[in-house]
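Q: Just the structure for this:
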Amino acid sequence: MHDDRSLVEARLKRVLDERIRPAVYPESVPLDVAVWNAPGEPVPVAEGLAGPTGPIAAGDRWGAPWSTCWFRVSGTVPAHWAGRTVEAILDLGFDENMPGFQCEGLVYRPDGTPVKGLNPRNQWVRVGAPVEGGEEVLLHIEAASNPVILDYHPFLPTPLGDKTTAGSGLQYTLARMDLAVFDEHVWNLVQDLEVLGELMAELPVEGARRWDILRAIGRALDAVDLQDVNGTAAAARAELTEVLATPAQPSAHRISAVGHAHIDSAWLWPLRETVRKVARTTSNMTALLEDEPDFVFAMSQAQQFAWIKEHRPEVYAKVKKAVAEGRFVPSGGMWVESDTNMPGSEAMARQFVHGKRFFLDEFGIENDEAWLPDTFGFAAGLPQIIKAAGSKWLLTQKISWSQTNKFPHHTFRWEGIDGTRIFTHFPPVDTYNCSMKGSEIAHAANNFKDKGVARHSLAPTGWGDGGGGTTREMIAKAARMRSLEGSATVGWETPTEFFTKAEAEYPEPPVWVGELYLELHRATLTSQAKTKQGNRRSEHLLREAELWAATAAVRGDFAYPYEQLDRIWKTVLLHQFHDILPGSSIAWVHREAEKTYAAVAEELGGIVDAAQRALAGDTSAEGTLRFNSAPHARDGVPAGGAGAVVPGSGGQLAAREGGGFVLGNGLLQVEIDARGLVVSAYDIGAEREAVAPGEAANLLQIHPDFPNMWDAWDVDEFYRNTVTDLTALDELTEVRDEGTVGVRIVRGFGASKVTQLLTLAPGAKRLDIDTEVDWHETEKFLKASFPLDVHAERYASETQFGHFYRATHTNTSWEAAKFEACNHRFVHLEEPGWGVALVNDSTYGHDVTRTVRPSDAGTTTTLRVSLLRAPRFPDPETDQGVHRFRHALAPGAGIGDAVREGFRINLPERRVSGDREVEPLVTLDNDTVVVSAVKLADDASGDLVVRLYESTGGRAKVRVGLGFEAAGLTVTDLLERPLDDVTVPELTEGAVNLTLRPFELVTLRLARR
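A: Residues are numbered from 1 along each chain as shown. Purely as a prediction, here's the structure:
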């Protein structure tokens, strides 16, 4: 037989596009349309329904950027359509090539009842099935004129990302607004042909199945009368019955489809718009669940449920009903789908605490899975947190975006820094917006890495970010692929059903140890510095507020601010969303975040101040108390306590031969040369130099920074090819001011200026570096370099509840790909017996490289911290302005010193007038064990909750002393619920003795007498 494949395939495409799809709606009449352009920000639904309207018609322009228009559409169903299915086609001017990221609408009935969302590939509203004819139709559409930020030519700088710069030009052209007859036979024929045509394209040419489908499609197209598609659709479908009924092979890959709509809580739109995106999508999904009995939809992010509960209660009522029926599934158990690299230990824990508690309180549902399809890599401390929250599974898809190495598994156990293992699945479909296309289903089956030992994967199915979720077309395709020869099998299941089956099928999968590093989006560790600083500061202020409020409540009658702290935690957790904290959102988002963090700081500062004053006794007394919020004693003040101020003196400062200055304090001697660079940091006790021979530390370096894509997200390795050392000096002066002795350095470069103050504190083996940058560069990357005389094959970076080691070399492509990595409060390098730490108060990105010096064959290990970037998309003004950073270089530091100094720089002491020293609520006799939280229990019982962990990676015995009378002790999960599978230690003589594994975290709940 002659090969006519191309002819039939081309015929199928044209007939579908030009004849069959248009025949889905064979008859239509226009609707009458009026519009109210609502001024300012979105208005309540009742106000929108009552707004004064004016005329508008198809072809007219509408919608200034970020504005809202309320359309009123009305019409009458023609009498001769009686007995037929009728839908309203409401096209706001959609571009179907962009399933989201543009205008959207939510349809309401006149009484304010939500009907469904309008999205680029979901433009219909059912009027009747069947209609009687003559029905009056009246609908209202809340239409959001969200501008297209990520256009066909992506990553171009645009002013549209902030309403203050977006202008007032109309964005969209109103398109089809009709009542139309819906022909279900033709619609089903479209689904038949799409499924078979897409499957056929994925099958081998040599196989019989491809030719069987080709011939069946040819016969179906022959059966279609192109002048009477509607009259011949049933006959065409009959020609396809046999090939659609042939069952899948028993060995076929099995796909659990989960209805899904990944909605970024902010990204190319502000937070307020996400509230409406969620309302539109959930309206779509609750409507679809009513029509499709097999369909299951999962939605993560408790914050998004909370939003519609507060702002769109009429939508939330439908969601709650669908959840009760078991088919709308709250998933993930987190407040938002957060970044997991940068959030601190307690913040990462509280993501699960607040997310799981919301789902338990609202729906009685406990999540066993963490659901993070789009997060930019996963910190090695996360498995222990997932387990401590009472969960056991993780789903993500994002690692498939890695540019260098292909991850070797799709189903595996992920082991964290403490040894906790979590059953993890990466959907091989490689998208969290699966649309049930044949190419996607074939890719999932072919791509699956675990063939031969497992055959089950998950496919998150539906358009996200304003695309409206799963569509009826996706459900129809899935039904045809339930068991179809040549295809993977597809069935709708909840995440729990999938994971239960997958784990039973593959009980001993391979193990991946350590971080799940995304080889992409590395610059998210640096972009939008003020957002990152706001996060770090908020995390530590929350620690302080809980500690001192709990201490004041236990020691007196201070009212612990339960509701206030709960609200603030949720605000901070929201801003850890994986496009806010990483700095990859539009200007509007980050402008609002800066204001929000300032308000959070003020409010938490008020709580701390009130609690400390309540503890300090007579605040009119002449004495001054130092409150120490850090988990280690400081200058004689115990951790979590307050003591009298002890006068101190600064270090010594002298001129340096050849220019510059020498700082000393008896422990360190630091030389700053005439260029203002640190050329020596000498550990006097160890007789050891930290700075590599011939090198200079605290060297600011600037690189061009124009990645191939994803400007705010990416830094590509070639940025290193060009570097400028900033050695030009405007000012080098000594500073002697109120006990501070140091050196001030001022440099100008480009359109920017940097001012640094270098000081040595008395009795401290660290060089404090305060940096202020007035930044006005474009597409540049600023780093601070510290070349160290340390021979180390690996180095430690702090992560949640511990630290993680990375290689300093690039032996493999996996190691070479980590050319920019994440740290929390410290990075530590060490050779046996001696090390160096660099601690920070707000920076996360860094790189480490090593070279061998020709002069002495010694190793120089260079640590560079990332300070600022200046990408132009999606915020063209990213990071412009004044920034302040604090770092400290600690020569001779062990890992425990790094932990201590990291807390010190992030939790500076507070001074309060008073005459009453404060004893800590909790004391530890082992500095390797760190208290991460002291608070009152969230249930307002008055119980004290103490969370602690081993911080150095070794085993530890610790005596936990209690500074109050305790009546009982419970070991709990993160949600402060008793654990069943642990031995509760005895509470004797006001203390608890614990033995901890490396990096083990423990939560203690103590009842008070």
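Q: quick one: the host helix or strand of residue 414 to chain centroid distance?
A: Assigned by DSSP states H and E, residue 414 belongs to strand 411-415. Strand 411-415 sits 21 Å away from the centroid of its parent chain (CA atoms, centre = their mean, to the nearest Å).
Q: What lies in contact with that strand?
A: Residues outside strand 411-415 that contact it (CB atoms under 8 Å, 6 or more residues apart in numbering): 378, 383, 394, 421-426, 450, 454, 456-457, 502, 506, 509-514, 516. (Glycine included, C-beta is placed from N, CA and C.)
Q: Pull the contacting residues for residue 133.
A: Contacts of residue 133 (CB under 8 Å, 6+ apart): 77, 78, 79, 80, 81, 82, 83.
Q: Apart from its neighbours in sequence, what residue is nearest the fourth one?
A: Beyond its immediate neighbours in the sequence, the residue positioned closest to residue 80 (CB to CB, 6 or more residues apart in numbering) is residue 133, lying 6.7 Å away.
Q: before we move on, back to that, each with direction, which strands does the strand holding residue 414 pair with?
A: The strands that strand 411-415 pairs with in its sheet are strand 421-425 (antiparallel), strand 511-513 (parallel) (by DSSP bridges).
Q: In CSV: those, plus mean neighbour count, distance to residue 264 and mean pLDDT.
A: Output for those, formatted as CSV (neighbours: other CB atoms under 10 Å; distance: least, CB to CB, whole Å; pLDDT from 0 to 100):
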stretch, mean neighbour count, distance to residue 264, mean pLDDT
strand 421-425, 23, 22, 98
strand 511-513, 13, 27, 98
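Q: Ok, which of those comes nearest residue 108?
A: Set against residue 108 and scored by CB to CB, the strands paired with strand 411-415 come closest in strand 421-425, at 38.7 Å.
Q: For the closest one, which outside residues touch it?
A: 370, 383, 386-387, 392-396, 410-416, 457-458, 498-499, 502-503, 509, 511-512.
Q: Tell me which other helices or strands the helix or strand where residue 897 lies touches.
A: Taking DSSP H and E as the criterion, residue 897 maps to helix 895-906. With contacts defined as 3 or more CB pairs under 8 Å, 6 or more residues apart in numbering; DSSP states H and E, helix 895-906 has these neighbours: strand 794-799, strand 826-831, strand 834-840, strand 881-891.
Q: and the first one, what does it pack onto?
A: The one in question is strand 794-799. strand 802-807, strand 821-822, strand 826-831, helix 895-906.
Q: out of those, which comes closest to residue 790?
A: The closest of these to residue 790 is strand 826-831. By CB to CB, the value is 4.8 Å.
Q: who's in contact with stretch 211-220?
A: Under CB under 8 Å, 6+ apart, the answer for stretch 211-220 is 5, 8-9, 11-12, 189, 192-193, 196-197, 199-200, 203, 236-237, 239-240, 242-243, 246, 486.
Q: redo that, cut-off 10 Å
A: The contact list for stretch 211-220 (CB atoms under 10 Å, 6 or more residues apart in numbering) reads 1, 3-5, 7-9, 11-12, 15, 20, 189, 192-193, 195-197, 199-201, 203, 205, 232-233, 235-244, 246, 485-486.
Q: before we move on, the earlier item: which SSE is immediately downstream of the helix holding residue 897?
A: With elements assigned by DSSP H and E, the helix or strand that comes after helix 895-906 is strand 910-913.
Q: and that next one, which residues are buried?
A: 910, 912 (16 or more other CB atoms under 10 Å).
Q: What helices and strands are in contact with that strand?
A: With contacts taken as 3 or more CB pairs under 10 Å, 6 or more residues apart in numbering; DSSP states H and E, strand 910-913 sits against helix 587-615, strand 624-627, strand 642-644.
Q: The same query, at a cut-off of 6 Å, please.
A: Judged by 3 or more CB pairs under 6 Å, 6 or more residues apart in numbering; DSSP states H and E, strand 910-913 is in contact with strand 624-627.
Q: Next one: residue 217 from residue 706, what distance?
A: From residue 217 over to residue 706 the distance is 48 Å, taken as CB to CB, to the nearest Å.
Q: which one of the two has more residues nearby?
A: residue 217 (24 against 17; other CB atoms under 10 Å).
Q: With respect to burial, which of the helices and strands packed on helix 895-906 scores highest?
A: Using mean count of other CB atoms under 10 Å, the stretch among those with the greatest mean number of neighbours is strand 834-840 (a mean of 26).
Q: Now do the same contact list for residue 388.
A: 973, 974 (CB atoms under 6 Å, 6 or more residues apart in numbering).
Q: for it, phi and psi?
A: Backbone dihedrals for residue 388, given as degrees, to the nearest 10, come out at phi -70, psi -20.
Q: Could you do residue 782 as well?
A: Main-chain torsions, residue 782, degrees, to the nearest 10: phi -110, psi 130.
Q: okay, now it: neighbour count?
A: Neighbourhood size, residue 782 [other CB under 10 Å]: 27.
Q: from memory it sits against residue 702, does it?
A: Yes - with contacts counted by CB atoms under 6 Å, residue 782 reaches residue 702, the gap being 5.4 Å.
Q: how near is the closest residue to residue 820 other than its chain neighbours to residue 429?
A: Excluding its sequence neighbours, the residue lying closest to residue 820 (CB to CB, 6+ apart) is residue 522, at 3.8 Å. From residue 522 across to residue 429, the span is 25 Å (CB to CB).
Q: Also residue 699?
A: 47 Å.
Q: So in terms of bridging, what pairs with residue 782?
A: Beta-bridge pairing of residue 782 under DSSP bridges involves residue 702, residue 868.
Q: going forward, begin numbering at 43 instead of 1
A: Yes, from this point I'll number from 43; that puts the last item at residue 824.
Q: what's near enough to touch it?
A: By CB under 6 Å, 6+ apart, the neighbours of residue 824 are 744, 909, 910.
Q: Residue 954 against residue 654, yeah?
A: Yes - shown here, residue 954 and residue 654 form a contact pair, counting by CB under 6 Å, at 4.9 Å.
Q: report the angle between the axes of the helix or strand harbouring residue 401 and strand 836-841?
A: Assigned by DSSP H and E, residue 401 falls within helix 387-405. With axes from the mean of the first three to the mean of the last three CA atoms, to 10 degrees defining the directions, helix 387-405 sits at 40 degrees from strand 836-841.
Q: residues of the helix or strand hosting residue 167 that come out buried?
A: Counting by DSSP H and E, the element that carries residue 167 is strand 166-170. For strand 166-170, the neighbour count (16+ other CB under 10 Å) marks 166, 167, 169, 170 as buried.
Q: Any chance of the residues you listed in a markdown table with distance to residue 1003 as columns?
A: Shown next, in a markdown table, are the buried residues of strand 166-170 (distance: CB to CB, whole Å):
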| residue | distance to residue 1003 |
| --- | --- |
| 166 | 67 |
| 167 | 66 |
| 169 | 72 |
| 170 | 73 |
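Q: Closest one of the residues you listed to residue 359?
A: Closest to residue 359 out of the buried residues of strand 166-170 is residue 167 (19.5 Å), distances taken as CB to CB.
Q: residue contacts, the closest residue to that closest one other than its chain neighbours?
A: Nearest residue to residue 167, sequence neighbours excluded (CB to CB, 6+ apart): residue 130, at 4.4 Å. Residue 130 makes contacts with 167, 169, 221, as judged by CB under 6 Å, 6+ apart.
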